[in-house]
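> Predicted coordinates and the sequence they were generated for:
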Amino acid sequence: MTMAHALGVNTWVWASPLTDTALTELVPRIAGWGFDVVELPVENPGDWDPGRAAALLADHGLAASVVLVMGEGRELVAAGATTVLSTQDYLKHVVDVAAAVGAPAISGPAYASVGRTWRMSDEERRTRYAELRDGLAPVAEHAVAAGVRIGVEPLNRYETSLLNTVDQTLDALDGLPDTCGIALDIYHMNIEETDMAAAVRKAGPRLVHVQVCANDRGAPGADHLDWQAFLGALDDVGYRGPLVIESFTAENATIATAASVWRPLARTQDAIATDGLAFLRKVMP
C-alpha cells in the first residue's frame, strides 16, 4: 500500500519572482485547498522576507520547502573563482532561508545555470564532477551546521548537459556527505530515465525531495505516467518527505522562458494545484 505523503505546491504556479505581497495572497488559498506544504523559490536574496514567511505559514498551519534558482552567472563548474565563490555565497544564503522558515532541505540544480549546455568528453565530465564536489563541499558544511539537507536535482538534456539522470548524480556526489543528496522532479525523469521507478530505487536513501506534475507540467494525473509504480518505489526506499507540485505560468516571461511554458497547461493556474491535489489524495491511502 502506498504511504501518505504531505502534499505541497510551488508558488511558481502563479508568480515569479515570489514577493511578500504574492505570498500573503497565496498562502490562505493554498491552506484553504488543503495543502500541507508551500514551496518557496529563492530567485534573488531579498525578494521576500523569510521571517515574515515563517510567521504567515505558521498562522495557516503550513510547512515550507525551499528551492534554489540557478540563473545566469550562478555556476559551480567550468567557471572562474569569483563566479564560484558568489554562487557558493548564494547557496549558503538559500540554506539560511530554509533554516529560517523551517524547511528541512534546499533543492535544485546546484551546479550550473539552467539552459547552459555543451558537449563533454568523458575526461571533461570527470573533471566537472570533481569541480562540483569541490564547489558544493563548503555549502554542504554550512548546511550541516544549519540542520538542512541539499537535494541536487538532475535536469533534462535541454536544460543542462551536466546531470540528467540519477546515475550521473550519484556519480557526481560520490564522496560528499549523505546530507547532500538528490532531488527528483518527475517531469525531468519522464524525459531522461528509461524506468522512473528503478531510478527512484537507485537514489535510495540519498533521496531528499520530490517534485511532481503531469508529463507536460500540468496537473498530476492528467498524463500518461505510472503513478502507482512511482509511488511504490518511493515506499520501497523509505522516502517520507512531501510531494510538491511544481509548474509554471505562461504569463511570466522569466520562468516561462526557463521552463518553455508557452501555453496554458490547465483550464486555470489554480486548477493545476487543486486538480493535482485531488488526484494525489486519491492515489495515496
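Received, thanks.
> So which helix or strand of this structure has the lowest pLDDT on average?
Every helix and strand in the chain was compared by mean pLDDT, DSSP states H and E; the lowest is helix 253-259, with a mean of 72.
> What distance do you get for residue 280 to residue 210?
Using Cβ to Cβ, to the nearest Å, residue 280 is found at 11 Å from residue 210. Placement of C-beta: from N, CA and C, glycine included.
> what residues are up against the residue nearest to residue 117 when sequence neighbours are not counted?
Nearest residue to residue 117, sequence neighbours excluded (Cβ to Cβ, 6 or more residues apart in numbering): residue 161, at 4.3 Å. Taking Cβ atoms under 8 Å, 6 or more residues apart in numbering, we find residue 161 in contact with 116-120.
> Check which residues of stretch 32-43 are buried.
Buried residues in stretch 32-43, counted by 16 or more other Cβ atoms under 10 Å: 35-43.
> which pair in those residues spans the largest distance?
Farthest pair in these (Cβ to Cβ) is 36 and 43. Separation: 23.5 Å.
> Pick out whichever of the buried residues of stretch 32-43 sits closest to residue 59.
For the buried residues of stretch 32-43, the nearest to residue 59 is residue 38 (12.2 Å; Cβ to Cβ).
> my read is the closest one is in a strand, agree?
Yes. According to DSSP: H, G, I helix; E, B strand; the rest coil, residue 38 belongs to a strand.
> and it, how far is that from residue 25?
Distance from residue 38 to residue 25, by Cβ to Cβ: 12 Å.
> again with residue 191
For residue 191 relative to residue 25 (Cβ to Cβ), the value is 33 Å.
> Check residue 269 too.
Taken as Cβ to Cβ, the span from residue 269 to residue 25 is 13 Å.
> Between the two, which has more neighbouring residues?
residue 269 (19 against 12; other Cβ atoms under 10 Å).
> sorry, back to before: between the buried residues of stretch 32-43, which is closest to residue 181?
residue 39 (17.3 Å).
> List the contacts of the residue nearest to that closest one when sequence neighbours are not counted.
Excluding the flanking residues, the one nearest residue 39 by Cβ to Cβ, 6+ apart is residue 10, at 3.9 Å. By Cβ under 8 Å, 6+ apart, residue 10 lies in contact with 39, 41, 67, 211, 244-247.
> Columns distance to residue 3 and pLDDT on top of those residues, output as TSV?
Compiled in TSV, the contacts of residue 10 are given as follows (distance: Cβ to Cβ, whole Å; pLDDT from 0 to 100):
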residue	distance to residue 3	pLDDT
39	20	98
41	27	97
67	23	98
211	18	98
244	16	98
245	18	98
246	21	97
247	24	95
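> buried residues in the lengthiest helix in the chain?
Identified as the longest helix of the chain according to DSSP state H is helix 122-146. Residues of helix 122-146 classed as buried by neighbour count (16+ other Cβ under 10 Å): 128-129, 131-133, 135-136, 139-140, 142-143.
> any idea which helix or strand comes after it?
strand 149-152 (DSSP states H and E).
> what's downstream of that next one, the next helix or strand?
Assigned by DSSP H and E, the successor of strand 149-152 is helix 166-173.
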